[in-house]
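Chemist: structure of the sequence below:
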Amino acid sequence: MKTYLAGPMRGIPQFNFPAFDAARDFFHGKLGHEVISPADMDRAHGIDGLTPIAITPRLSDVVMKRDIEALFTCDAIALLPGWEKSKGVAVELALAKYRGLKVLDATTGLEFSFESPPTLAVRYPKTFVDGPTSTPIDVTSLPGEKASNPKDIIGSSKLPLHLFPTTAIAAGCLAFLEGAVKYGRSNWRAVGVRASIYHDALLRHMTAWWEGEDTDPDSGLPHLSKAIACIAILIDAKAAGKLTDDRAVEGGYVAFAASLTPHVARLKAMHTGKTPRHYTIADNTSPLPETTHGPKIPNCPCHYCRS
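Modeler: Residues are numbered from 1 along each chain as shown. Down below sits the predicted model:
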């Protein structure tokens, strides 16, 4: 069995490495597990637990991405003491439970017994805590809110639909209007759709947008509007039981991507100090010469034909 160790690190002496090391030795030496320890992964990246380091938002993101990719390769997650006070562990535990991994007690090796259902740290009733030395932050009340208002208490436990940007709704509804007048309203709920068709359409619109084309030449609508509609239809068709799931047979992408990720830090370190120019859409200032491209082509999305 391959087991991932999860526990608090930030704000604890030596980043809690001794506790992770003891759990690793117990699970590997006594139980015969293959063990993934964030402490060992940190050491592999030059963090020894003794030398003070600045924990920047970028570093936190890199470490969390690395840890999640490692967790995807495991069969179980083992919780170290104090796990409930860590935001990072809350995310890891939620992912582990979603994937059906075994949840073990790192001190005994037995299945973990929750006295109450675990929740993500950001959904604790009144506060979330990032490590034992952090100050709890109230995330449920707003200035002037009446904590005793029953409607507020009930409403705060429901989907926070107000968080979804109304600009995205406005953009997406145009693509749905186009679909309604062409194929009929909510047609996908009646006749069903194949996942691969909308996956391909999504990639086409996002690739065209990324390459600098804002507007779909066929419909005259923003590519991002069409992309929103593709994702929305996939979600809605699945919920309605009308999605034909023809996704590719499982390969080794997650493990393969995880194996390549260390090259990112290696390449950046190899070229530290270099400051090459990085080109963006802002550099699209000069059209291609007509001798290279030829005459302008109607509806061609390139910069020269659109100029």
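Chemist: burial measure for residue 88, as a count.
Modeler: Burial of residue 88 is recorded as 22 neighbouring residues (other Cβ atoms under 10 Å). All C-beta spots, glycine's among them, are computed from the backbone N, C-alpha and C.
Chemist: for it, which non-adjacent residue is closest in space?
Modeler: In space, and not counting its chain neighbours, residue 88 is closest to residue 64: 6.3 Å by Cβ to Cβ, 6 or more residues apart in numbering.
Chemist: which residues sit against the host helix or strand of the one you found?
Modeler: In the assignment (DSSP states H and E), residue 64 maps to helix 57-71. Residues outside helix 57-71 that contact it (Cβ atoms under 8 Å, 6 or more residues apart in numbering): 4, 36, 38, 41-42, 53, 77, 88, 91-92, 95-96, 101, 254, 257-258, 261, 265.
Chemist: could you point out which element follows it?
Modeler: Sequence-wise, the next helix or strand downstream of helix 57-71 (DSSP H and E) is strand 76-79.
Chemist: ok, back up a step: tell me how far the residue nearest to residue 88 lies from residue 99.
Modeler: Distance, residue 64 to residue 99, using Cβ to Cβ, to the nearest Å: 16 Å.
Chemist: circling back: name the residues of the helix holding residue 64 that are buried.
Modeler: Burial within helix 57-71, assessed by neighbour count using 16 or more other Cβ atoms under 10 Å, is assigned to 63, 66, 67, 68, 70, 71.
Chemist: gap between that helix and the chain center?
Modeler: Computed by Cα atoms, centre = their mean, to the nearest Å, the separation of helix 57-71 from the middle of its chain amounts to 11 Å.
Chemist: what's the answer for stretch 247-257, then?
Modeler: Counting by Cα atoms, centre = their mean, stretch 247-257 comes out at 17 Å from the chain centroid.
Chemist: what's the answer for stretch 184-192, then?
Modeler: On Cα atoms, centre = their mean, the centre of stretch 184-192 falls 30 Å from that of its chain.
Chemist: still on that earlier bit, mind putting the buried residues of helix 57-71 in a markdown table, pLDDT included?
Modeler: As requested, those are arranged in a markdown table below (pLDDT from 0 to 100):
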| residue | pLDDT |
| --- | --- |
| 63 | 88 |
| 66 | 92 |
| 67 | 93 |
| 68 | 93 |
| 70 | 93 |
| 71 | 94 |
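Chemist: using CSV, lay out these together with distance to residue 245.
Modeler: Below are the buried residues of helix 57-71 laid out as CSV (distance: Cβ to Cβ, whole Å):
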residue, distance to residue 245
63, 33
66, 30
67, 29
68, 24
70, 27
71, 24
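Chemist: for the residue nearest to residue 88, give me the pLDDT.
Modeler: Note for residue 64: predicted pLDDT of 88.
Chemist: list the buried ones in the helix or strand where residue 168 lies?
Modeler: In this structure, residue 168 sits in helix 166-183 according to DSSP H and E. For helix 166-183, the neighbour count (16+ other Cβ under 10 Å) marks 171, 172, 174, 175, 176, 178, 179 as buried.
Chemist: helices of the stretch 201-307 of the chain, start to end?
Modeler: Per DSSP state H, counting those that start in this stretch, the stretch 201-307 of the chain carries helices over the ranges 223-239, 253-260, 262-270, 290-293, 303-306.
Chemist: ok so, going back, quick one: which of the buried residues of helix 57-71 is nearest to residue 82?
Modeler: Nearest to residue 82 among those, counting by Cβ to Cβ, is residue 67 at 16.7 Å.
Chemist: rewinding a little: and which of the buried residues of helix 166-183 is nearest to residue 84?
Modeler: Within the buried residues of helix 166-183, the smallest distance to residue 84 is 38.4 Å, found for residue 172 (Cβ to Cβ).
Chemist: isn't the closest one up against residue 228?
Modeler: Yes - counting by Cβ atoms under 8 Å, residue 172 does reach residue 228; the two are 3.8 Å apart.
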